[in-house]
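J.: sequence first, then the predicted structure:
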Amino acid sequence: MFAAVPGTPVYYAPGAPADVFFYGHQYYAYTGGGWYVGNGYNGPWLAVAPQFVPAPLLWVPVRYYHVPPGHWHAWRKNEPPHWEREWGRDWDDHRKGWRGPHASRDAHRG
């Protein structure tokens, strides 16, 4: 069962054993520090390089990841994860605009 992530075109699976999302007719999972995409809820899953993760998935606030990495617990629950910390500043510089209209101006600093 999926539920909508408010303010985004993304759905999440609160009861799944991993962080599973639905967006653009595909399923995405975030686990082990990486993103995976599949045509079905049970996969098969293919790894997705950070630069190819759809921006709406990156906007999903931390609160919708029910199996987040431990260091995420210090982050604000109503803001997206700090992807530049996960993937490096170079990634953030090359992916300008990924924050979209949903992020606050200072969200990436904390």
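T.: Right, received. Where do you want to start?
J.: in the chain, which spans are strands?
T.: With DSSP state E, the ranges of strands along the chain come out as 3-4, 11-12, 19-23, 26-31, 34-38, 46-48.
J.: mean pLDDT added to those strands, as TSV?
T.: Output for the strands of the chain, formatted as TSV (pLDDT from 0 to 100):
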stretch	mean pLDDT
strand 3-4	97
strand 11-12	98
strand 19-23	96
strand 26-31	95
strand 34-38	95
strand 46-48	95
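J.: dump these to CSV, plus distance to Trp59 and mean neighbour count.
T.: For the C-beta atoms, the positions are set from N, CA and C on the backbone; glycine is no exception. Listed next are the strands of the chain as CSV, based on distance: least, CB to CB, whole Å; neighbours: other CB atoms under 10 Å:
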stretch, distance to Trp59, mean neighbour count
strand 3-4, 13, 12
strand 11-12, 12, 20
strand 19-23, 10, 21
strand 26-31, 13, 19
strand 34-38, 14, 18
strand 46-48, 16, 12
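J.: which one of these lies closest to Pro61?
T.: Among these, strand 11-12 comes nearest to Pro61, with 10.2 Å by CB to CB.
J.: outside of the closest one itself, list whatever touches it.
T.: 2-5, 19-23, 60, 64 (CB atoms under 8 Å, 6 or more residues apart in numbering).
J.: which stretches of this structure have low pLDDT?
T.: 88-110 (pLDDT under 70).
J.: same thing but at 50, please
T.: 103-110 (pLDDT under 50).
J.: residue contacts, the residue located most distally from the centre of the chain?
T.: The C-alpha centroid of the chain is most remote from Pro44, which lies 19.1 Å away (CA atoms, centre = their mean). Residues near Pro44 by CB under 8 Å, 6+ apart: Gly38.
J.: need the helices for the chain, in chain order.
T.: 55-58, 83-87, 89-94 (DSSP state H).
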